[in-house]
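*Asks:* Provided below for reference: sequence and predicted model.
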Amino acid sequence: MSYILDALRRAEADRERERGQVPGLHAQPLPGSAPAAGTGPRRWLPWAGAGLLLLAGLGAGSWWASGPPDSAAPTPPAAPVAAVPPQVPPLPPRSVTAAAPTAPVAPAAVPQPAPAASASPYLPPVPPAAAVAPAPDARIPRLAELPESTRRELPRLAISGSVYSDDAASRFVIVNGEVMREGASLGGELVLEQIRPRELVLRFRGQRYRQTLQGQ
């Protein structure tokens, strides 16, 4: 390092001499280092340039070694990439088949509720009409009590037997050899109205009378 400084000082002193100036303190040659005869300023220029370059390199190296390393510059955040929607191929248009118009359906008839029966006063059931009871015997005359003219017109009856039952359908009488039941016609205008246990009730031309059964 001292040789480089001496070379720099000598070069500076040579330049000052050429300009006619007195060399400064830094340009004074060191003892025992007088310039040789015949040496000019150009002899020291290459050495001076080399020394300057060497000094600059040494200073930069020391500064780099002693100084803190530069922190790495922060990497700028990457710009967000916009999501590209996936390309969806267009769907072919659907063929729509128009449905045939259907005939309107008539609404089903809703049965109307039957009107509620109007409240009416309670009437007791009417008992069935009782069979017309025969007139009392006092009102039905006997055969012998009929007028003579009426008796002459009566048909002749031959009664041979009779059966009486509480069931009117089971009753019968044998007249002139035939089985006769209540309501039967005995000939002419004579009608058998009723069969009783011991007598018959007959009607002739609207005249009722009783005839006793023989053997009863």
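*Replies:* Yep, it's here.
*Asks:* drop to CA atoms for contacts and neighbour counts, all remaining ones
*Replies:* Fine.
*Asks:* tell me how the chain divides into domains.
*Replies:* 2-64, 143-212 (automatic domain parsing).
*Asks:* pretty sure residue 197 is in a strand, no?
*Replies:* No. Residue 197 is assigned coil when assessed by DSSP: H, G, I helix; E, B strand; the rest coil, not a strand.
*Asks:* not counting its neighbours along the chain, what's nearest it?
*Replies:* residue 164 (5.7 Å; Cα to Cα, 6 or more residues apart in numbering).
*Asks:* and the one you found, what does it touch?
*Replies:* 170, 171, 172, 195, 196, 197 (Cα atoms under 8 Å, 6 or more residues apart in numbering).
*Asks:* quick check: what element follows the helix or strand of the chain with the lowest mean pLDDT along the chain?
*Replies:* The helix or strand of the chain with the poorest confidence is helix 45-66; it has a mean of 73 (mean pLDDT, DSSP states H and E). Following helix 45-66 in sequence order, the next helix or strand is helix 148-153 (DSSP states H and E).
*Asks:* which other residues reach the helix or strand following that following helix?
*Replies:* Beyond helix 148-153 in the direction of the C-terminus, DSSP H and E gives the next helix or strand as strand 159-163. With contacts defined as Cα under 8 Å, 6+ apart, strand 159-163 is touched by 170, 171, 172, 173, 174, 175, 176, 177, 197, 213, 214.
*Asks:* just checking: what are the partner strands of strand 159-163?
*Replies:* strand 172-175 (antiparallel) (DSSP bridges).
*Asks:* so what touches the strand it pairs with?
*Replies:* Residues contacting strand 172-175 (Cα under 8 Å, 6+ apart): 157-164, 179-182, 186, 195.
*Asks:* any stretches of this protein with poor pLDDT?
*Replies:* 1-3, 20-47, 63-138, 215-216 (pLDDT under 70).
*Asks:* all good on my end, thank you.
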